[in-house]
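Student: predicted model, plus sequence, below.
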2 protein chains.
Amino acid sequence: MFNIAVAQSGGPTAAINASLTGVFNGAEACPEIDEIYGAENGIEGILNNQLLNLRAILMDDHDKELLMKTPSTILGSCRFKLKDFEQDEESYLKILDTFNKHNIKAFFYIGGNDSMDTVMKLDRYFTAQGIDIKVVGVPKTIDNDVTETDHTPGFGSAAKYVATSLQEIIRDSRVYSIPSVTIVEIMGRDAGWLAASSCVLRANGEPAPHMIYLPEGDFSPEKYLEDVKLAQLRYKAVIVAVSEGVTLDIKELEDDTDGKTDAFGHAMLGGIGKKLEKYTAAHIGCKVRSIELNVMQRCSSHIASLTDITEAERIGREAVAAAIERGESGVMMCFKRISNNPYRCEIVSAEIAKIANQEKKFPREWINLEGNNVTIDALNYFLPLIQGEPEIEYRNGIPVHFRLNQ
Amino acid sequence: MFNIAVAQSGGPTAAINASLTGVFNGAEACPEIDEIYGAENGIEGILNNQLLNLRAILMDDHDKELLMKTPSTILGSCRFKLKDFEQDEESYLKILDTFNKHNIKAFFYIGGNDSMDTVMKLDRYFTAQGIDIKVVGVPKTIDNDVTETDHTPGFGSAAKYVATSLQEIIRDSRVYSIPSVTIVEIMGRDAGWLAASSCVLRANGEPAPHMIYLPEGDFSPEKYLEDVKLAQLRYKAVIVAVSEGVTLDIKELEDDTDGKTDAFGHAMLGGIGKKLEKYTAAHIGCKVRSIELNVMQRCSSHIASLTDITEAERIGREAVAAAIERGESGVMMCFKRISNNPYRCEIVSAEIAKIANQEKKFPREWINLEGNNVTIDALNYFLPLIQGEPEIEYRNGIPVHFRLNQ
């Protein structure tokens, strides 16, 4: 008998707790696993020996049902970057100490590109030291920018929220008789997947958003104005979806990013919506509004994708099978799409070195020639990921969340 | 046999189309009513003789079902202010011309305080001229600031969206281990009802939002900082709900309102969230974020309150009964709350002069002594209004909206 640990890292999604439930379910099904520990605030909880006994927290099926539909990370998260063990072995010794103290033989890390760096480094260290602790990554991010996997858990739910909200914004924008431009800024640090996914409205005959701009396209301010003017000939209320990673660095606008960077050195973006609003208002004489979907797009469990939540649980369970049944380590679990219609995905594992610190950009060939929208191939890729709705439990008219503490 | 007309005015809500459906249903049930006209863009559509035949648009029960769950105004809206007929009779003659041309004997105007001004003026004119055209108002606004009625259609759905989103933002804010303050700016031009309604989370044992600030309270920047510091002693992630009508006019911050006013002379507010963010960051050393729920809070049909949508349809139907069966005119339909538990509301009519251009503020006695939260009476008032969820029809994973045209 031995124990395992699981932790969550990076930004919140609506599906990261479903993957935690999946790891828990997978571990519960393994007769050789005794305790199932959850580390608070990602790898920091392992470093500081802050572990929770998940069997004492997830007491019954109802708890697990609720946890699956609770957004963000019930265990907390972190943005901690582990140095190479050759430079700083101390952190590794601390981690090892926690693992040894609790007889932890497998560690599952649910996170994005950056978190997979931790999986890779831990596995490298354990392999180098000849220590038999398996380390397996479980992907998650609304950015959908993780390599080797067809898509990431969390993305489908974010895409469903974006499409649903955007459709409501479209209805809202048509209310007055005057011409208007509404710019909706959608998350995606360096990759435009989530903004691109707003094309799904087309499947229901909705022509808006009339333009979609991604960081993978070559955004030209002049071409943008032409696009808007052309759209205005046909539509009274023009809707623009823009990825936060799109840049508009022209002299007439001040730079709003303030050069801020996060712990991983990434530029903290934001503000393209406001910038485009100012730019549009200055060059096109009509009502202009910009809307930021903000953190709501990454934690909107009330309009999650059932496909996403179901897959997130499944990939968590498969991670346990990979580590315990097949003895894998230094891998991340990946979705491999078999077909679009009917939609089928297999779960496989991929070498972590191919994934950590990499970034999967939105394919250039799925951007139209004009650079202001995406192709039918993109639509076909996105559609299966937003299908289905989890049954939400309401109490007093409000969705019920699983809560660990205040 | 005669005809009737209905129009929608003011800002969008998730329930205004349900009231339109209600007027339609009420008229359909009257054997003496022939055509049911919908005016495009509110009173402007009457002025310009832009009428749609609603019987040709709402063909079956499914159309009506969808329309009930479609946000914003299917007929379009306006912010047109009619002058007194003594000053400018021309507009009245135009309106009368449209009514006469189409044998319209009753006009139903769905709108807020400002739209009720139109109802009042039209009724005054017809009465003065001895013209038998009934004019009846149907309330709607997410602001809930209309007098004489217990609450307004559209408010319950907005409140349900705010509570649901706020709860997700709360989960999101707890993800990292560092202290933080999250400020959520909630709509409400001069009245704090919608921000106040965020207290409903308390019914499920959620202590956040930890503070709620309303324009009806005396907001003090110094007291606010004290409140935040006190809350930080207990909560790592402090959540502040603030109504957009709260002002923070201190020298260290620039004024962001730019003195903009709308057609009715109301100041175009917004920006208190960003101001408080700057102010908090400057005075309290921690991570601060501000979030604007923006237009999503007024058009979020996907998380509408069933109570709200049902009542909105009902009050529309009752308006037709008031005008046609009881011969009323110059009135607005109102909810009269009979009891909270079980929740019961009657629909009555009230004299329009008591309503037009008035504003119902959030009661001072429902604000706590500290001025940073609301009382249990407020909670008991709000809770019934957010109960129940309409069954949403999805196609391709996206809610289906009723669409008149692109």
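Tutor: The structure has been received and is ready for your questions. Just so it is clear, the model here is predicted, and its values are computed rather than measured.
Student: from now on I want contacts and neighbour counts done on CA atoms only, so please keep to that.
Tutor: Will do.
Student: dump the residue contacts of the closest residue to chain B within the stretch 201-350 of chain A.
Tutor: Chain B sits closest to A:Cys299 of the stretch 201-350 of chain A, with a gap of 5.8 Å, by CA to the nearest CA. Contact analysis of A:Cys299 by CA atoms under 8 Å, 6 or more residues apart in numbering or on different chains lists A:Pro12, A:Thr13, A:Ala14, A:Pro71, A:Ser72, A:Ala158, B:Glu168, B:Ile169, B:Arg171, B:Asp172.
Student: what of A:Ala350?
Tutor: With contact taken as CA under 8 Å, 6+ apart, A:Ala350 is in contact with A:Glu148, A:Val331, A:Met332, A:Met333, A:Cys334.
Student: for the residue in the stretch 101-250 of chain A that chain B sits nearest to, phi and psi?
Tutor: Nearest residue of the stretch 101-250 of chain A to chain B: A:Val175, at 4.5 Å (CA to the nearest CA). Taking degrees, to the nearest 10, you get phi -70, psi -40 for the backbone angles of A:Val175.
Student: doesn't B:Thr73 make contact with it?
Tutor: Yes: counting by CA atoms under 8 Å, B:Thr73 is a contact partner of A:Val175 at 6.1 Å.
Student: picking up where we left off before, can you flag which of the contacts of A:Cys299 belong to helices?
Tutor: If you go by DSSP state H, the contacts of A:Cys299 have A:Ala158, B:Glu168, B:Ile169, B:Arg171, B:Asp172 in helices.
Student: adding neighbour count, pLDDT and distance to B:Asp114, write those residues out as CSV.
Tutor: Below are the ones in helices among the contacts of A:Cys299 laid out as CSV (neighbours: other CA atoms under 10 Å in any protein chain shown; pLDDT from 0 to 100; distance: CA to CA, whole Å):
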residue, neighbour count, pLDDT, distance to B:Asp114
A:Ala158, 32, 98, 37
B:Glu168, 25, 98, 34
B:Ile169, 24, 98, 33
B:Arg171, 23, 97, 38
B:Asp172, 25, 96, 38
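Student: nearest to B:Gln87 among those residues?
Tutor: B:Ile169 (50.8 Å; CA to CA).
Student: surely that closest one and A:Val295 touch.
Tutor: Yes: using CA under 8 Å, B:Ile169 is in contact with A:Val295, at 7.0 Å.
Student: could you point out which element follows the helix or strand containing A:Arg124?
Tutor: Element membership for A:Arg124 (DSSP states H and E) is helix A:113-129. The helix or strand immediately downstream of helix A:113-129 is strand A:134-139, counting by DSSP H and E.
Student: mind exporting that next one as PDB, just the C-alpha atoms?
Tutor: Extracted in PDB, the C-alpha atoms of strand A:134-139 (Å, rounded to 0.1, in the frame of the first residue of the first chain):
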ATOM      1  CA  LYS A 134       5.800   8.800 -10.700                       C
ATOM      2  CA  VAL A 135       5.000  12.300 -11.800                       C
ATOM      3  CA  VAL A 136       2.200  12.800 -14.300                       C
ATOM      4  CA  GLY A 137       0.700  16.000 -15.700                       C
ATOM      5  CA  VAL A 138      -3.000  16.600 -16.400                       C
ATOM      6  CA  PRO A 139      -3.600  19.500 -18.700                       C
END
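Student: quick one: pLDDT of A:Asp114?
Tutor: A:Asp114 is assigned 89 on the pLDDT scale.
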